[in-house]
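> the amino acid sequence is not available; the structure is as follows:
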């Protein structure tokens, strides 16, 4: 199974899709990475979901990645005595630390950090921004607010404080338990929610210890202020537009998306664009024209991957959503202007290896080049090639199944597992055989091979070789 596109698809698994047969269908339709959302479900469910991905991988014949998405410090209201209340503009609502069920006059918020962060006049957004409160008085354990917008509130709705940094760790106790479980299950990527500062990612990396790749979800405006430092410690980022859209004005979100995609591309790390990409397909077999344009826009920007959330996890048409996203990406990448946009920004070359990779991309511009082949132990050589956005597919060959799975998120990379070559001649032979076997190269076509030899030793690529696929005898 070779993808006819460069941008990758992340599909969230849930009640509508976590069985092995459905996962296989999603992979056949175009999903490359499968997200397991630890905000919902129990460990037994997640273990079965991950097992489904591994079983489907064996059937489809290509490495598939599992992304564990930690819940993070999602702040929620307590419970109401009757499950919900009606509110209107001008009503007063008290927030406090009491655990007793709420009513139309007050509701518990079991997070003292919220009250520590509040300021008079600050906005409090509830239920993804559907309800807006204004703080008129506050103390260490309460806040008196007035309703500015909204008509209903129910149990456990989310709470956001736009423009305020909440002094709460990104890794909660639940996250630590979930992380230990996910690493024990052998997930390939770990996503940290509500990253606010570089130290959040540093803490995650210190726990993960290289057992998975780490991804920072950018969904708090405070993260934008520390973006360079966060990028230094992240192996990928996600533009999580849901919470970003709650905490900042709607017109700011597309601008921030472009800034984040550009920043990640210049750093040469994968960037995932997520949230509401094909939202209407939760209940409709086709997307809106606006959604199709949204997906296309992220592809034109050069995003490594696009993510489906409820569309594939709980929607009525999970396979159709993946298939349509695949079709949109493929069509954009056939646009005559698309190559020009991919060439618009290249990362700064700061090492000999980067210069060699840039040379490979330049050599690949010859019309006779069918594909690039990157031999890699850790995945870095394939990642460096993806930074250059070559228009041909990159076949990443590695002796490590873990490396192959993690590379499934990288733009334009087709990962495969092969035995480690013993010498440069065997390296060239394996590259040619795999390029032909996967259909990436036909008789007489040129193959560019990039490798570091001996494989497995620390250091960067030091071989750039041109080979040709043989003609049949």
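Nice, thanks for sending it over. Quick caveat, the model's predicted, so the values are computed rather than measured.

> run through the bridge partners of the residue most central in space within the chain.
What sits nearest the mean C-alpha location of the chain, by C-alpha atoms, centre = their mean, is residue 272, with 4.0 Å. Applying DSSP bridges to residue 272 gives these bridge partners: residue 238, residue 305.

> quick one: pLDDT of it?
At residue 272, the model reports a pLDDT of 98.

> I'd say it and residue 298 touch.
No: at 9.4 Å, residue 272 does not count as touching residue 298 under the criterion of C-beta atoms under 8 Å. To be clear about C-beta, it is placed using only N, CA and C from the backbone, and glycine gets the same treatment.

> okay, and the common contacts of those two?
Listed as contacting both residue 272 and residue 298 by C-beta atoms under 8 Å, 6 or more residues apart in numbering are residue 306.

> for this protein, what's the longest helix?
For the chain, the longest helix by residue count, based on DSSP state H, is helix 43-60.

> what are the buried residues along that one?
For helix 43-60, the neighbour count (16 or more other C-beta atoms under 10 Å) marks 46, 49-50, 52-53, 56-57, 60 as buried.

> count the residues that sit near the closest residue to residue 87 other than its chain neighbours.
Spatial nearest neighbour of residue 87, chain neighbours left out: residue 147 (5.2 Å); criterion: C-beta to C-beta, 6 or more residues apart in numbering. Burial of residue 147 is recorded as 19 neighbouring residues (other C-beta atoms under 10 Å).

> check the secondary structure at residue 147 for me.
Three-state call for residue 147 (DSSP: H, G, I helix; E, B strand; the rest coil): strand.

> tell me the contacts of it?
Per C-beta under 8 Å, 6+ apart, neighbours of residue 147: 87-93, 131-133.

> hmm, back to that, what is the mean pLDDT for the longest helix of the chain?
97.

> got it, and stretch 4-22?
Per-residue scores along stretch 4-22 average to 96.

> span of it from start to end?
Using C-alpha to C-alpha, to the nearest Å, one end of stretch 4-22 lies 22 Å from the other.

> give the buried residues for that stretch.
Using 16+ other C-beta under 10 Å as the test for burial, stretch 4-22 gives 5-14, 16-18, 20, 22.

> got it, and stretch 146-166?
147, 150, 153, 157-162, 164, 166.

> repeat for stretch 443-459
445-452, 455.

> pick the one among the buried residues of helix 43-60 closest to residue 424.
residue 57 (30.7 Å; C-beta to C-beta).

> what about the closest one, distance to residue 212?
Going from residue 57 to residue 212 by C-beta to C-beta, to the nearest Å gives 16 Å.

> circling back to that earlier point, out of the buried residues of stretch 4-22, which comes closest to residue 285?
Using C-beta to C-beta, residue 16 comes nearest to residue 285 of the buried residues of stretch 4-22, at 13.8 Å.

> wait, isn't that closest one in contact with residue 314?
Yes: checked against C-beta under 8 Å, the pair residue 16 and residue 314 is within contact range at 5.2 Å.

> returning to what we had before: so who does the residue nearest to the centre of the chain touch?
Contact partners of residue 272, counting by C-beta under 8 Å, 6+ apart, are 10, 215, 236-239, 303-307, 409.

> low-confidence bits of this protein, can you list those?
Residue ranges of the chain with pLDDT under 70: 346-353, 455-460.

> for residue 158, give me phi and psi.
Phi and psi for residue 158, reported as degrees, to the nearest 10, are phi -70, psi 150.

> I figured residue 13 was touching residue 314, is that so?
No: here residue 13 does not reach residue 314: they are 10.0 Å apart, not a contact under C-beta under 8 Å.

> look up how far residue 24 lies from residue 63.
14 Å.

> how about the strands in the stretch 51-200 of the chain?
Here the stretch 51-200 of the chain has its strands, by DSSP state E, counting those that start in this stretch, at 65-69, 84-86, 92-96, 106-108, 123-126, 131-139, 142-149, 152-154, 159-160, 189-192.

> mind putting those into CSV with distance to residue 321?
As requested, those are exported to CSV (distance: least, C-beta to C-beta, whole Å):
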stretch, distance to residue 321
strand 65-69, 17
strand 84-86, 31
strand 92-96, 38
strand 106-108, 36
strand 123-126, 28
strand 131-139, 29
strand 142-149, 31
strand 152-154, 28
strand 159-160, 27
strand 189-192, 20
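
> of all the ones you listed, which lies closest to residue 171?
Closest to residue 171 of these, according to C-beta to C-beta: strand 189-192, at 7.2 Å.

> who are the packing partners of the closest one?
Applying 3 or more C-beta pairs under 8 Å, 6 or more residues apart in numbering; DSSP states H and E, one finds that strand 189-192 makes contact with strand 65-69, helix 173-184, helix 198-208, strand 213-218.

> check which residues of the longest one are buried.
Using 16+ other C-beta under 10 Å as the burial criterion, the residues of helix 173-184 that qualify are 175, 178-179, 181-183.

> can you check the first one too?
The neighbour-count criterion (16+ other C-beta under 10 Å) identifies 65-69 as the buried residues of strand 65-69.

> show me what it is packed up against.
With 3+ C-beta pairs under 8 Å, 6+ apart as the test, strand 65-69 has strand 33-37, helix 43-60, helix 173-184, strand 189-192, helix 401-406 packed against it.

> let's have those in JSON lines, adding distance to residue 289.
Formatted as JSON lines, the helices and strands packed on strand 65-69 follow (distance: least, C-beta to C-beta, whole Å):
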{"stretch": "strand 33-37", "distance to residue 289": "26"}
{"stretch": "helix 43-60", "distance to residue 289": "31"}
{"stretch": "helix 173-184", "distance to residue 289": "38"}
{"stretch": "strand 189-192", "distance to residue 289": "30"}
{"stretch": "helix 401-406", "distance to residue 289": "35"}
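
> show me what contacts the nearest residue to residue 79 once chain neighbours are set aside?
Closest residue in space to residue 79, ignoring its immediate chain neighbours: residue 155 at 4.6 Å, by C-beta to C-beta, 6+ apart. Neighbouring residues of residue 155 by C-beta under 8 Å, 6+ apart: 77-80, 83-84.

> may I ask which of those has the most neighbours?
Counting by other C-beta under 10 Å, top hit in the contacts of residue 155: residue 77 with 22 neighbours.

> what residues are up against that residue?
When contacts are counted by C-beta under 8 Å, 6+ apart, residue 77 touches 102, 107-109, 126, 153, 155-159.

> recalculate using a threshold of 10 Å.
95, 102, 107-111, 126-127, 131, 153-159 (C-beta atoms under 10 Å, 6 or more residues apart in numbering).
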